[in-house]
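> pasting the sequence and the predicted model now:
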Amino acid sequence: MEMTLIKVHGSMNTFYMFESDGRADFAQLAIQLAALDKDIDGILVILPSVIAHAKMRVFNNDGSEASMCGNGLRCVARYVCERDKVKEAVIETMRASLRVKKEETLNEGIETYAVEISPVSFSLSRLPLSYDGNSEWIHKPLSFVSEKIPFSAVAVPNPHLIGIVSADLQKDTSHQQKWAQYFNGNNEYFSDGVNVSYVTPMEGGIFVRTYERGVGFTNACGTAMTASALISCMTGLMPYGDVFVYNPGGMVKCTVRRQGDNIRLQLTGNATYLSINEFEWSVKAADSKILSVERLEEQTRYEEFIEQISSASKQFV
Ligand SMILES: N[C@H](CCC[C@H](N)C(=O)O)C(=O)O
């Protein structure tokens, strides 16, 4: 079957994105495309919706489906707003219909979108994490990992484990890799795996690096950056409001608002199209192939943006 795939990224978290009527083995397609293109972190499927402008489904490189993808949702938001000629829309996701909107460009020529990140839950059963009968785990060390790293577990709604670490644990990723691989392997704590982020405060914001469930280290993870901004505000590391989050793939703005138990999160950042690809999809992986690639100019402007901000975060990248 021939398909048109748009290769996109949010903060260099890269995906193939396409519209579909829903009748296909998307898990298998994600595995095939990840094998064909080492750049990507998953696929974004845009489907019809009876309750919103469109529905988004997200599949990681290993074929697992995720309930949410913040960087991906910005790219889907752009596609749907341009398709329907609107500046705001609602996108149905696995657990919520989320508001999205086109924003002023971050920088000349960089398409920028803001997306709602919801629902939020600290209940360990929602992650699911089982640990010593606790119902929540916020800003406390997991002693079997380290006494020096306060961890927090939060679902937005995909699962995140967030550690606040010093600069040296941010520069040397081996500690994060060891524990992220453990929590995403056969372990007694996270039965569905978890996205593991290490957060370090820096000039003007926080730096977040994520080892993603179903993928591994990525340049950025939108839900993880937003969850990390939330934890940073809850623990007093950052004031509530706009938190600038730097990552290996760039920088995004996470807006964190809280009134009592009511938490509202918004993620703003680029939605960049890299290329338009014609793809021949065959059930037999060996017969699937990318037939043509039409590269687009936008990435040049995104790289200029990275150049501008890199002095702030290059200590960690
Ligand atoms: N690996 C994630 C899904 C992708 C989320 C990430 N790419 C984002 O931008 O939020 C998970 O399995 O929960």
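Looks like it came in fine. Numbering: from 1, shown residues only.

> what about the helices in the stretch 151-300 of the chain?
167-171, 174-183, 222-234, 298-313 (DSSP state H, counting those that start in this stretch).

> among those, which is nearest Ala286?
Among the helices of the stretch 151-300 of the chain, the nearest to Ala286 by CB to CB is helix 174-183 (29.3 Å). Using the backbone N, CA and C atoms, a C-beta is placed for each residue, glycine as well.

> related to what we said a few turns ago, tell me the most buried of the helices of the stretch 151-300 of the chain?
Of all the helices of the stretch 151-300 of the chain, helix 222-234 has the most neighbours on average by mean count of other CB atoms under 10 Å, namely a mean of 28.

> on that earlier part again, got a markdown table for the helices of the stretch 151-300 of the chain, with mean pLDDT too?
Output for the helices of the stretch 151-300 of the chain, formatted as a markdown table (pLDDT from 0 to 100):
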| stretch | mean pLDDT |
| --- | --- |
| helix 167-171 | 94 |
| helix 174-183 | 98 |
| helix 222-234 | 98 |
| helix 298-313 | 88 |
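
> low-confidence stretches in the stretch 51-200 of the chain?
Along the stretch 51-200 of the chain, the parts satisfying pLDDT under 70 run over 106.

> the ligand contacts on that one?
58, 60, 66, 69-72, 158, 195 (CB under 6 Å from any ligand atom).

> need those residues in a markdown table with neighbour count and secondary structure, can you?
Output for those, formatted as a markdown table (neighbours: other CB atoms under 10 Å; DSSP: H, G, I helix; E, B strand; the rest coil):
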| residue | neighbour count | secondary structure |
| --- | --- | --- |
| Val58 | 27 | strand |
| Asn60 | 23 | strand |
| Ala66 | 22 | strand |
| Cys69 | 28 | coil |
| Gly70 | 29 | helix |
| Asn71 | 34 | helix |
| Gly72 | 30 | helix |
| Asn158 | 28 | coil |
| Asn195 | 26 | strand |
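
> which among the helices of the stretch 151-300 of the chain is found nearest to Val8?
Val8 lies closest, by CB to CB, to one member of the helices of the stretch 151-300 of the chain: helix 298-313, at 9.8 Å.

> what separates that closest one from the chain centre, distance-wise?
Centroid separation for helix 298-313 versus its chain: 19 Å, with CA atoms, centre = their mean, to the nearest Å.

> before we move on, back to that, so which of the helices of the stretch 151-300 of the chain comes closest to Ala54?
helix 222-234 (17.7 Å).

> what about the closest one, near the ligand?
Yes - for helix 222-234, a contact with the ligand is found by CB under 6 Å from any ligand atom, at 222-223.

> how far out from the middle of the chain is that helix?
Averaging C-alpha positions (CA atoms, centre = their mean) puts helix 222-234 12 Å from its chain's average.

> over to stretch 137-148?
For stretch 137-148, the distance to the chain centre is 24 Å (CA atoms, centre = their mean).

> now do the buried residues in that stretch.
By neighbour count with 16 or more other CB atoms under 10 Å, stretch 137-148 contains the buried residues 137, 142, 145.

> so how far is Thr4 from the second one?
To tie it back to what came earlier, the one meant is Leu142. According to CB to CB, to the nearest Å, Leu142 and Thr4 sit 45 Å apart.

> and what of the first one?
Distance of Trp137 to Thr4, given as CB to CB: 44 Å.

> any idea how the chain splits into domains?
Domain assignment for the chain by the TED database gives 2-111+271-311, 124-269.

> how far does the first one stretch from start to finish?
Same thing as domain 2-111+271-311. 43 Å (CA to CA, to the nearest Å).

> before we move on, what about the shortest one?
End-to-end distance of domain 124-269: 29 Å, with CA to CA as the criterion.

> sorry, back to before: next step: the buried residues of stretch 137-148 restricted to helices.
Counting by DSSP state H, no part of these is found in helices.

> for those residues, which one is nearest Ala153?
Using CB to CB, the buried residues of stretch 137-148 come closest to Ala153 at Trp137, 4.5 Å.

> measure that closest one to Tyr131 for me?
Distance from Trp137 to Tyr131, counting by CB to CB: 6 Å.

> from what I can see Leu161 touches Tyr198, true?
No - with contact defined as CB atoms under 8 Å, Leu161 does not reach Tyr198; the gap is 9.9 Å.

> between whichever strand or helix holds Ala114 and helix 222-234, how big is the angle?
Using DSSP states H and E, Ala114 sits within strand 112-117. On the basis of axes from the mean of the first three to the mean of the last three CA atoms, to 10 degrees, strand 112-117 is oriented at 70 degrees to helix 222-234.
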